[in-house]
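Participant: Here's my sequence, what's the structure:
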Amino acid sequence: MAIRPYWTGQIQISLVQFGVKLYVATEAKSEIRFHQISRKTGERVRHQKVLASAVDNPSEESESPAAVVEKDEIVKGYEYRKGEYITIEPKELEQLRVPSKHTMEITQFVDESDIDPEFFEKPYFVTPENDAQAQAFAVVRQALKETKKVALTKIAFSGREHVVALTPTQDDSLGGMMAYTMRYAQELRDPKEYFRDIKKPDVDEDSLGLAKELIKRKAAKFDPTKFVDGYEVALKELVEAKIEHAPIPKDEAPAPQRGKVINLMDALRKSVSSVKADDLVLESPAPVASKKKSPAKAEAKKGITLVKSEEADKPETKPTKPASRRKSA
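Facilitator: Numbering: from 1, shown residues only. This is a model prediction of the structure:
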């Protein structure tokens, strides 16, 4: 079955125009989904939309089926005065005069480094609408790639107009482009409110050198397939144990405790010495506990530590080699 595009329209750059399709690039992969269940009866709880009067002034009549409002009876409403609304019909929304509903007009090209990551929101795949549009699509894509620029435009869907960044896919063999919806500046909180009280001490050159060496030794090429949702793994263990009436797996790792602060240089030296140049950053994910075996205890994470734990008092042992293990626009 052919994949249905989320949006179909035009990309326009000055007098150049060509058709494209946008596809949602993400999907929910969680295999554990919960329903709401009554603790008393064990039955599933369902939600119904009811008249506000049935909630504000409950009575025997308000509990009747007449108080329930069906989906096709509901329209959008704007409260322009306390308790007074104007209704907006779906057809009226479809007829809004918003040019970007059909055409993404590119108004500016910027360096990728000019856009802070917090502005990026959701990714979409962009393809030519058909073979006739492929030539113009390929030329613009290659031009963006060679100039290392990001195209900024706007698009209207899902009840609002979004700022969009268009970039070539990093894998050149794919031949496609990516579109990222972006947040407006007013949607982001002022970082000064959160960062203004951070103390800014002088950075010691020796400490900085050790920290950079630690980063260098722990550096590796980004491989997104190596990241696993640990919460989902633990949730599967819990569900499986419940189904099999087995002991419920619990977090046995001790809560982190405040200890004696140790010297930063010592912590950095020990961290660097514990990481060999050929070590890889990511460890293989812990397997899901089988029905016959209890889940293994989670190992403590390694890294820069400034707090002395009980392990810090033990003699230093030879580190074991961990299991073997791209900036998006």
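Participant: ok, which stretches of the stretch 201-329 of the chain are helices?
Facilitator: 205-217, 230-243, 264-273 (DSSP state H, counting those that start in this stretch).
Participant: The chain - how does it break down into domains?
Facilitator: Segmentation of the chain into domains, based on automatic domain parsing, reads 7-26+95-187, 205-313.
Participant: now the first one: mean pLDDT?
Facilitator: Domain 7-26+95-187 shows a mean pLDDT of 94.
Participant: okay, how far is it across that domain, tip to tip?
Facilitator: With C-alpha to C-alpha, to the nearest Å applied, domain 7-26+95-187 spans 24 Å between its terminal residues.
Participant: Okay, and the beta partners of the spatially closest residue to residue 177 that is not a sequence neighbour?
Facilitator: Sequence neighbours aside, residue 126 is the residue nearest to residue 177 in space, at 4.1 Å (criterion: C-beta to C-beta, 6 or more residues apart in numbering). No exception for glycine: its C-beta is placed from N, CA and C like everyone else's. Counting by DSSP bridges, residue 126 is bridged to residue 22, residue 177.
Participant: hey, least reliable of the helices of the stretch 201-329 of the chain by pLDDT?
Facilitator: Looking at the helices of the stretch 201-329 of the chain, the lowest mean pLDDT belongs to helix 264-273 (a mean of 84).
Participant: can I have that helix written out in PDB, keeping just the CAs?
Facilitator: Provided in PDB are the C-alpha atoms of helix 264-273 (Å, rounded to 0.1, in the frame of the first residue of the first chain):
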ATOM      1  CA  LEU A 264      38.600  18.000  40.200                       C
ATOM      2  CA  MET A 265      42.100  17.300  38.800                       C
ATOM      3  CA  ASP A 266      42.200  13.900  40.500                       C
ATOM      4  CA  ALA A 267      38.800  13.100  39.200                       C
ATOM      5  CA  LEU A 268      39.800  14.100  35.600                       C
ATOM      6  CA  ARG A 269      43.100  12.200  35.800                       C
ATOM      7  CA  LYS A 270      41.400   9.000  37.000                       C
ATOM      8  CA  SER A 271      38.600   9.300  34.300                       C
ATOM      9  CA  VAL A 272      41.200   9.800  31.500                       C
ATOM     10  CA  SER A 273      43.300   6.900  32.700                       C
END
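Participant: Packing partners of it?
Facilitator: Judged by 3 or more C-beta pairs under 8 Å, 6 or more residues apart in numbering; DSSP states H and E, helix 264-273 is in contact with helix 205-217.
Participant: list the helices and strands the helix it packs on packs on?
Facilitator: helix 264-273.
Participant: Pull out the buried residues from the helix it packs on.
Facilitator: 267-272 (16 or more other C-beta atoms under 10 Å).
Participant: Next, the angle from it to helix 205-217.
Facilitator: Interaxial angle, helix 264-273 versus helix 205-217 (axes from the mean of the first three to the mean of the last three C-alpha atoms, to 10 degrees): 20 degrees.
Participant: which residues does residue 184 contact?
Facilitator: If a contact means C-beta atoms under 8 Å, 6 or more residues apart in numbering, then residue 184 has residue 163 as its contacts.
Participant: The same query, at a cut-off of 10 Å, please.
Facilitator: Residues counted as contacts of residue 184 (C-beta atoms under 10 Å, 6 or more residues apart in numbering) are 119, 160-163.
Participant: out of those residues, who has the most neighbours?
Facilitator: Within the contacts of residue 184, neighbour counts (other C-beta atoms under 10 Å) peak at residue 162, which reaches 20 neighbours.
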